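Participant: Structure for the following, please:
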Amino acid sequence: MLTTLVGSVAAATQAAAVTPVVQPDQQRAGVILTHDETAALGDGPIPALVTMVVPESRIGAGLKPDTQLYHDQNGNVHASLRQVIEEAASHPDGSVVVMANVPGSHGTRLLDVFQQWH
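Facilitator: Okay, here's the model as predicted:
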């Protein structure tokens with residue numbers, strides 16, 4: 001199922017330049033998206049579809065230190081998957097990395113999304 005989600009992300013962004021990433025030591029695999037792919041992902045239906053299958057409580061977000069999204073002192077992010085993606089896309093060089101985790105390998109998280117920008 002998670003492989004399908006990562007594949008759907010790649011397909012939905014019409015990703016000719018999607019860069020796959022596999023981290024067997026971390027028990028996860030995913031894709032590195034370009035800025036344009038990140039913007040397309042944020043504007044499309046995939047974030048809503050993913051959260052219909054994967055509860056937001058099972059999705060981790062690696063936020064940049066200068067994020068404007070709310071996160072509490074325990075590191076809990078109070079933002080939707082779409083908000084995490086769209087914030088990255090709002091930066092000229094912003095993008096995301098989407099990783100599907102083997103169940104149980106990263107606590108309860110099944111999916112991690114990491115923001116990137118300079």
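
Participant: Strands of this structure, residue ranges please.
Facilitator: Assigned by DSSP state E, the strands in the chain fall at 19-23, 28-32, 59-62, 95-101, 105-108, 111-116.

Participant: List the strands paired with the third one, with their directions.
Facilitator: Looking back up the chat, that one is strand 59-62. strand 111-116 (parallel) (DSSP bridges).

Participant: any low-confidence regions in this protein?
Facilitator: Applying pLDDT under 70 to the chain picks out residues 1-16.

Participant: go again using 50 as the cut-off
Facilitator: Filtered on pLDDT under 50, the chain yields the residue ranges 13, 15.

Participant: For the chain, which segments count as helices?
Facilitator: 2-12, 35-43, 46-53, 81-89 (DSSP state H).

Participant: Against which helices or strands is the last one packed?
Facilitator: The criterion is 3 or more CB pairs under 8 Å, 6 or more residues apart in numbering; DSSP states H and E, and the helices and strands that helix 81-89 contacts are helix 35-43, helix 46-53, strand 59-62, strand 95-101, strand 111-116. From N, CA and C alone the C-beta is placed, and that goes for glycine too.

Participant: Tell me which residues are up against that helix.
Facilitator: 35, 38-39, 41-42, 47-48, 50-51, 56, 59, 61, 63-64, 67-69, 77, 79, 94-96, 113, 115-117 (CB atoms under 8 Å, 6 or more residues apart in numbering).
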